[in-house]
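K.L.:
Need coordinates for the below:
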Amino acid sequence: MYGIALALTTSKPDSTTVTKQVDDWIHANKVCRHTLLSVLSNDLFDVYASYKNVKDIWDSLILKYTAEDIVRKRFIIANYYRWEMIEGKDIKIQINEYHKLIKDIKTKSITLPDEFVSELLIKKLPQSWTDYKQQLKHRQKQMSLSDLITHIIIEDTNRKEYAAAKAKTLSAKAKVVEDKLAPKRSSCTSMQT
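P.N.:
Residues are numbered from 1 along each chain as shown. Okay, here's the model as predicted:
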C-alpha cells in the first residue's frame with residue numbers, strides 16, 4: 001500500500017548496499033512490523049513483539065497457520081473416509097450427511113475426482129445393499145453423483161414398497177391361518193360344555 005511490502009519478502013540488506021535502499025528497508029520494516037503487530041490478538045502480540053524483522057513474524061505466521069490448515073484438511077478427509085452408512089437409518093438423511101462432508105472438503109479447496117466421490121458413496125452403502133452395490137460397480141458407464149443419488153433414492157423407495165407389500169401379504173396369510181384355526185377352537189369348547 002505504501003511501497004513497504006518489500007520488508008515482508010526480503011531480508012535486511014547488508015551494509016555494502018546503497019544507504020538509500022537500507023534506509024527504505026528499515027522504514028518499510030518498521031511500518032510493516034507496527035501494522036502487523038497492531039492487528040494481532042493480545043496472545044499473538046505477546047509472542048511476536050520481540051521479533052525485530054517483520055519478515056520473521058510474517059514467515060512464522062504463515063508457517064503456523066498453513067500447518068493448522070493442513071491439519072484441518074487431514075481431519076476433514078479422515079471424516080469423509082471414515083463415514084459409513086448405517087443399516088436402518090433413512091437413506092436420504094445419510095445422503096445429506098454425505099453432501100455435507102463433500103461441501104466441507106470443497107470449502108477447504110480440496111478437489112476430488114467425481115468418479116472417486118461416486119464410487120466411495122457406492123462403497124459406503126449398507127451391508128444389505130451388497131447385490132445393488134455389485135450391480136452398480138458392473139455398470140459400463142460411470143454415473144455422476146447426482147444421477148447416482150437419484151438412482152439410490154429410487155432403489156430405497158422400491159425396497160420400502162417391497163417390504164410393505166411383503167408385510168401386507170404376510171399379514172393377510174396370518175389372518176387366513178387364524179381364521180381357519182378359529183372354528184376348530186370353538187367346536188372344541190362346545191364339546192367340553
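K.L.:
what are the ranges of the helices in this structure?
P.N.:
Assigned by DSSP state H, the helices in the chain fall at 6-9, 19-39, 42-48, 54-82, 91-107, 114-123, 130-137, 145-192.
K.L.:
Adding mean neighbour count, write those helices out as TSV.
P.N.:
Backbone N, C-alpha and C define where each C-beta goes, glycine included. TSV is the format used below for those (neighbours: other CB atoms under 10 Å):
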stretch	mean neighbour count
helix 6-9	16
helix 19-39	14
helix 42-48	12
helix 54-82	13
helix 91-107	15
helix 114-123	16
helix 130-137	13
helix 145-192	11
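K.L.:
Would you convert the ones you listed into a markdown table that also reports mean pLDDT?
P.N.:
What follows is the helices of the chain, written out as a markdown table (pLDDT from 0 to 100):
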| stretch | mean pLDDT |
| --- | --- |
| helix 6-9 | 76 |
| helix 19-39 | 87 |
| helix 42-48 | 89 |
| helix 54-82 | 83 |
| helix 91-107 | 90 |
| helix 114-123 | 90 |
| helix 130-137 | 89 |
| helix 145-192 | 77 |
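K.L.:
quick one, domains of the chain?
P.N.:
Following the assignment in automatic domain parsing, the chain carries domains at 6-69, 87-192.
K.L.:
Now tabulate those domains in JSON lines and tack on distance to residue 75.
P.N.:
JSON lines is the format used below for the domains of the chain (distance: least, CB to CB, whole Å):
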{"stretch": "domain 6-69", "distance to residue 75": "10"}
{"stretch": "domain 87-192", "distance to residue 75": "10"}
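K.L.:
nearest to residue 77, of these?
P.N.:
Distance to residue 77, taken as CB to CB, is lowest for domain 87-192 among the domains of the chain, at 6.8 Å.
K.L.:
what about the residue nearest to residue 4 when sequence neighbours are not counted, distance to residue 13?
P.N.:
Taking CB to CB, 6 or more residues apart in numbering as the measure, residue 4 lies nearest to residue 28, with 3.6 Å between them; neighbours along the chain are not counted. Look at residue 28 and residue 13: by CB to CB, to the nearest Å, they are 11 Å apart.
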